[in-house]
Structure formats: structure tokens, C-alpha cells
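Novice: Need a 3D model of the following:
(one chain, ligands or ions: 2)
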Amino acid sequence: MGALIVLTGPSGVGKGTLLRSLIQRHSELYLSISVTTRSPRPGEVDGKNYYFVSRSAFERMVANGELLEWAEFAGNLYGTPRQAVEEHIRDGRRIILEIELQGARQIRKNFPDALQIFILPPSLLELEYRIRSRAQDSEEAITRRLQRARTEIAAADEFDICIVNDDFAKALDRIETTLFAAAAC
Ligand SMILES: Nc1ncnc2c1ncn2[C@@H]1O[C@H](COP(=O)(O)OP(=O)(O)OP(=O)(O)O)[C@@H](O)[C@H]1O
Ligand SMILES: Nc1nc2c(ncn2[C@@H]2O[C@H](COP(=O)(O)O)[C@@H](O)[C@H]2O)c(=O)[nH]1
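Specialist: Ligands and ions are numbered 1, 2, ... in the order given. All right, here's what the predicted structure looks like:
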């Protein structure tokens, strides 16, 4: 049972919402804060939701080996700062990465013991409804995210566990059972 947990799934499936509830129930779990070149959405706070940086600053971090993994997604760069993850693992804490497919593949290669969970939507129609009702992305961003969703869903079999986020409470319970049942083995 690795200390590293990866949560992947198409944009808008509910990963962030599920993780916020999970962390409220289990404050011992740590959620990695990613770096991104995406502009903050209304209400997003630098250093809490993401570290928002310029493309040149991101590229410097890549060149300096400061990112554990990184990827381009829907026109923006996203990456996991290495230092915080390594410190938490060294201190015996469990850390969760909420990342897209290319990043999950990099982590799988470098951390084969990481537990990889994939969150599926009940349908593509419902996924589109969720992205639109979140009302935080431009029409162009929505189109790119929905196109990418098909590729990501097609790769769900690569993951250790797939969970459908239809009924929110049930999906949250399944994540919780997966994390804590596995830890007890
Ligand atoms: N089980 C559910 N049923 C209905 N709506 C849901 C469910 N889970 C999450 N949502 C809603 O779907 C929307 C998208 O959720 P969220 O932002 O958490 O997705 P995400 O996977 O983190 O997206 P991204 O990867 O783009 O950050 C939110 O408005 C959220 O409230
Ligand atoms: N490979 C990585 N993907 C990441 C990281 N942080 C977030 N993400 C994923 O990007 C998309 C889009 O996120 P959004 O906040 O713009 O909606 C989503 O799938 C996230 O899970 C990261 O550090 N590395």
C-alpha cells in the first residue's frame, strides 16, 4: 500500500468536490497543491487551489527538476511540486494527487506502488451538464475538455480501481473504503 494516491478522471466528473469532502472527513490525508499556467477562476486562491504561475516560470520549474510530473491539458500546463510530496512521504503521511491521465502515467512509471483511482461519470451527457453547470469555463475550454474526456475514459482500465460518481455519497464512500480497507491489509 503506497503512501501516494492518484485520483484521475475527466474534467468535471467531480474529483475536486469528492476530495474536498474526503479531506473534511480525514484531515490526516494531504492534498498536493499543483502548479498551473491556467488563470484563476473566480474564488480560486493562489497557494490554496493552485500555485498560479506564468508559462516561463513553469518551464523553469520543469528545467530545474522541481516537478514530479507535469502535462499540458486543454491549452494549459499543470504539474505536481516534487518537494511537498517527497516530504510527506518521508514523514509517513498519505498524499493525494488530483491529476489528469498523462501525469498519472508518469507517476505509475516512477511510483509503481502508488494507488491509482479513476473516477467515471454516469454518462458523457451528465459530464457535459456538470462542466456547464459549474459555469467556470469558456465555450472553447468546455469543447477541449469534453474531447479530452473521451480519451481519458478510454484509459480507465489502466487504473487499479474505477468508481462511478453518480450518487455522490456512494462514490465518496467507495473512495473512503478503498483507501482505508487497502491500508488495513
Ligand atoms: N455526484 C454528483 N452529482 C451531481 N453533480 C456533481 C456530482 N459530483 C460533483 N458534481 C458537480 O459537478 C461539477 C464539477 O465538479 P468538480 O469541479 O469537482 O469536477 P472536477 O473533476 O474536479 O473537474 P476539473 O478536473 O475540471 O477540476 C461541480 O459543480 C460539482 O458540484
Ligand atoms: N498532470 C497534472 N494534471 C493536473 C494537475 N493539477 C490538476 N490537474 C488536472 O488538470 C485538469 C484540469 O484542471 P482544472 O482545475 O483546470 O479544471 C484536471 O483533470 C486536473 O485533475 C497536475 O499537477 N498535474
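
Novice: how deep is residue 138 tucked in, by neighbour count?
Specialist: 8 (other C-beta atoms under 10 Å). C-beta: built from backbone N, CA, C; applies to glycine.

Novice: whoops, residue 46 was the one
Specialist: With other C-beta under 10 Å as criterion, residue 46 counts 11.

Novice: ranges for the helices of the protein?
Specialist: 15-25, 55-63, 82-90, 101-110, 124-134, 139-154, 168-184 (DSSP state H).

Novice: okay, those in TSV with mean pLDDT and mean neighbour count next?
Specialist: Converted to TSV, those look like this (pLDDT from 0 to 100; neighbours: other C-beta atoms under 10 Å):
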stretch	mean pLDDT	mean neighbour count
helix 15-25	96	15
helix 55-63	98	13
helix 82-90	93	14
helix 101-110	97	18
helix 124-134	94	15
helix 139-154	95	15
helix 168-184	87	14
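
Novice: what's the closest of these to residue 73?
Specialist: helix 139-154 (6.9 Å; C-beta to C-beta).

Novice: would you list the helices of the chain in TSV and tack on distance to ligand 2?
Specialist: Formatted as TSV, these follow (distance: least, C-beta to the nearest ligand atom, whole Å):
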stretch	distance to ligand 2
helix 15-25	6
helix 55-63	11
helix 82-90	10
helix 101-110	2
helix 124-134	9
helix 139-154	7
helix 168-184	15
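
Novice: out of those helices, which comes closest to residue 39?
Specialist: Residue 39 sits nearest to helix 139-154 of all the helices of the chain, at 10.5 Å, using C-beta to C-beta.

Novice: so what secondary structure elements neighbour that closest one?
Specialist: helix 124-134 (3 or more C-beta pairs under 8 Å, 6 or more residues apart in numbering; DSSP states H and E).

Novice: coming back round to it: how about JSON lines for the helices of the chain, with distance to residue 34 added?
Specialist: Formatted as JSON lines, those follow (distance: least, C-beta to C-beta, whole Å):
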{"stretch": "helix 15-25", "distance to residue 34": "11"}
{"stretch": "helix 55-63", "distance to residue 34": "11"}
{"stretch": "helix 82-90", "distance to residue 34": "10"}
{"stretch": "helix 101-110", "distance to residue 34": "9"}
{"stretch": "helix 124-134", "distance to residue 34": "18"}
{"stretch": "helix 139-154", "distance to residue 34": "16"}
{"stretch": "helix 168-184", "distance to residue 34": "19"}
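
Novice: give me the number of residues near residue 12?
Specialist: Residues near residue 12, counting by other C-beta under 10 Å: 23.

Novice: Let the chain start at 48 from now.
Specialist: New numbering, starting at 48: the last item is residue 59.

Novice: Let me see the contact set for it.
Specialist: Residues counted as contacts of residue 59 (C-beta atoms under 8 Å, 6 or more residues apart in numbering) are 168, 174-175, 177-178, 181, 192, 196.

Novice: so what's residue 124 up against?
Specialist: If you count contacts by C-beta under 8 Å, 6+ apart, then residue 124 has 83-84, 102, 105, 117-118 around it.
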